[in-house]
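S.K.: Predicted coordinates and the sequence they were generated for:
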Amino acid sequence: MTGPVAVLIGPMAAGKTSVGRALAARLGVPFADLDALIVQETGRTIPDIFRLEGEQAFREREAAALVRALDHQRGVLSLGGGAPMHPRAARTLEGRPVVLLEIDEDVAARRLSRGVGRPMLEGDDPMTRWRELAAARSATYRGLATHRVDAGRGSPAQVARAVIDALQLQGPRRPEEETE
């Protein structure tokens, strides 16, 4: 089966994009973020797509984009938190090297306090919504994952190293990883 050497999944703020970039750089392969591919394809931001088309239409678009990306992406692919939840997306991920990046609530709260543009967390209490989504998606994530990595400790480079180790991929260990 051709396709990515690693597909990163997990809850919002798990670091899928930053770890994905670090992982691709370590392995010397291309990196793609599914949300960025959708933005490039549509010319709209993810929040705009949610606002203009609704979540269901976005999820259909996302599942179709995932099928294309799995056919064409040869490096590292990171997915949005909800991408694996669509039945078609879940089926296309079966048998792939899927890595679940796990974080706890404290790490999520710290990371989410620095960001915006997450339509699924809009409202008065984003952390309550994060907890609800994380709980609802956890079983699917774990069912799809061939490997699980704690993404709450260390830099993106250190987490990327843990992914390399988990997948038993070839990637040079750099001295600066020990202190990053």
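M.R.: In hand now; what should we look at?
S.K.: what residue ranges in the chain score low on pLDDT?
M.R.: 1, 113-124, 170-180 (pLDDT under 70).
S.K.: Just want the phi and psi numbers for the closest residue to residue 62 other than its chain neighbours.
M.R.: Excluding the flanking residues, the one nearest residue 62 by C-beta to C-beta, 6 or more residues apart in numbering is residue 83, at 5.3 Å. C-betas here are computed from N, CA, C, even on glycine. Per-residue torsions, residue 83: phi -60, psi -40 (degrees, to the nearest 10).
S.K.: Can you give me every residue that contacts residue 83?
M.R.: Contacts for residue 83 (C-beta atoms under 8 Å, 6 or more residues apart in numbering) come out as 9, 34, 62, 63, 66, 89.
S.K.: State the distance from residue 33 to residue 66.
M.R.: Residue 33 is 12 Å from residue 66, where distance means C-beta to C-beta, to the nearest Å.
S.K.: The two: which is more packed in?
M.R.: The neighbour comparison of residue 33 against residue 66 (other C-beta atoms under 10 Å) goes to residue 66, with 26 against 20.
S.K.: The more buried one and residue 79 touch, don't they?
M.R.: Yes. Residue 66 lies in contact with residue 79 (C-beta atoms under 8 Å); the separation is 6.9 Å.
S.K.: shared neighbours, the two?
M.R.: Taking C-beta under 8 Å, 6+ apart as the contact rule, the neighbours common to residue 66 and residue 79 are 34, 89.
S.K.: so which pair among the contacts of residue 83 is furthest apart in space?
M.R.: For these, the maximum inter-member distance is 13.7 Å, found between 9 and 63 (C-beta to C-beta).
S.K.: Tell me the buried residues in stretch 79-89?
M.R.: 79, 80, 81, 82, 83, 84, 85, 86, 89 (16 or more other C-beta atoms under 10 Å).
S.K.: right, and residue 145 touches residue 9 too?
M.R.: Yes. Using C-beta under 8 Å, residue 145 is in contact with residue 9, at 6.8 Å.
S.K.: Look at these two and report which has more neighbours.
M.R.: residue 9 (25 against 22).
S.K.: what separates that one from residue 23, distance-wise?
M.R.: Taking C-beta to C-beta, one finds residue 9 at 13 Å from residue 23.
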